[in-house]
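Trainee: predicted model, plus sequence, below.
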Amino acid sequence: MEKLKWYQKKWVIILFLLFIFPIGLILLWINKGFTQKTKIILSVAFGIFFIIAMVNGAAQEKDSNKLYTQAIEEIKQGKLSEAKQSLEKSIEKNSNEESKKLKGEIDKLEQTEFINNIIGTLTDNEYKQAKEGKLNKQFLANESLNTLLLQKIKNDNNSDKIREEQKVRLKAEAEAKAKEERMKLIEKQFSSWDGSHKNLTEYIKSNMNDAKSYEHVETRYKDNGETIYVVTKFRGNNAFGAKVIGACEATANTETGELTNINCEN
């Protein structure tokens, strides 16, 4: 008996009829496992089902769009609670993406943190215009919601305090970020394997009697801001072949790793 290919199996054809009707219909009629009568019955049954689904989907989409339009009007009238309800129903009916976005904007407008962040990031001139009711800047895509947002900023009695707190927070964040970036630059100068300073190691090897005998012992450093102070201890063979311990200190540029004030003892 010839083994059936996957698309010839009856359960696969039924699934295609349910979810991808046109392809399922083709597979049904080229399949020899169904009688002519069965093919006609399934074609009619699933065809009716497909048409009903399309009509129902179109109706759902129409209702969803109608609710979205209704929500737009409710927002213009300042009825945000009613607008949210209309949008939620719109999303339930057809998972309307525009409704999701608009509902998201209403949610933002109701969040104190969202408004405070905007107040804190306005320039001094923008803030002055906002308090005078003259600011023309888009924060929300919906014009009516954006107007309500600007009104909230204008009437916020704590806005001066919010701006001062935001300035302090942003300054602290900027300083923390600068420190983090500086640390990344510093860490790149050191070997992840043994912790040695790459440039100082190269300098030491280039000035040793036997570079191949170099053995790293330890490296310490101190961050001085624009520069770092680095001390490295190492072992190596001297001119007589004896293993001796040496040490080098240097100043390295934080950004480039360029060495200055190098002093070595061995």
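Mentor: All right, it came through fine.

Trainee: average pLDDT across whichever helix in the chain runs longest?
Mentor: Longest helix in the chain by number of residues (criterion: DSSP state H): helix 36-76. For helix 36-76, mean pLDDT rounds to 80.

Trainee: cool, stretch 112-129 as well?
Mentor: For stretch 112-129, mean pLDDT is 91.

Trainee: tell me the contacts of the residue of the chain positioned farthest from its centre?
Mentor: Distance from the centre of the chain peaks at F240, with 60.4 Å (C-alpha atoms, centre = their mean). The contact partners of F240, by C-beta atoms under 8 Å, 6 or more residues apart in numbering, come to none. Yep, even glycine has a C-beta here, placed from its N, CA and C like the rest.

Trainee: can you tell me the SS state at it?
Mentor: Reduced to three states with DSSP: H, G, I helix; E, B strand; the rest coil, the structure at F240 is coil.

Trainee: show the pLDDT at it.
Mentor: F240 is given a pLDDT of 87.

Trainee: look up how far D210 lies from it.
Mentor: Relative to D210, F240 is positioned 11 Å away (C-beta to C-beta, to the nearest Å).

Trainee: can you give me the strands in the stretch 101-250 of the chain?
Mentor: For the stretch 101-250 of the chain, strands defined by DSSP state E, counting those that start in this stretch occupy the ranges 215-223, 227-237, 243-253.

Trainee: identify, out of these, the most deeply packed stretch.
Mentor: Burial of those is given as mean neighbour count (mean count of other C-beta atoms under 10 Å); strand 227-237 ranks first at a mean of 19.

Trainee: so what does that strand touch, helix or strand wise?
Mentor: helix 198-206, strand 215-223, strand 243-253 (3 or more C-beta pairs under 8 Å, 6 or more residues apart in numbering; DSSP states H and E).

Trainee: out of the ones you listed, nearest to E181?
Mentor: Among the helices and strands packed on strand 227-237, the nearest to E181 by C-beta to C-beta is strand 215-223 (12.9 Å).

Trainee: neighbouring strands - and their directions - for that closest one?
Mentor: For strand 215-223, the pairing partners within the sheet under DSSP bridges are strand 227-237 (antiparallel).
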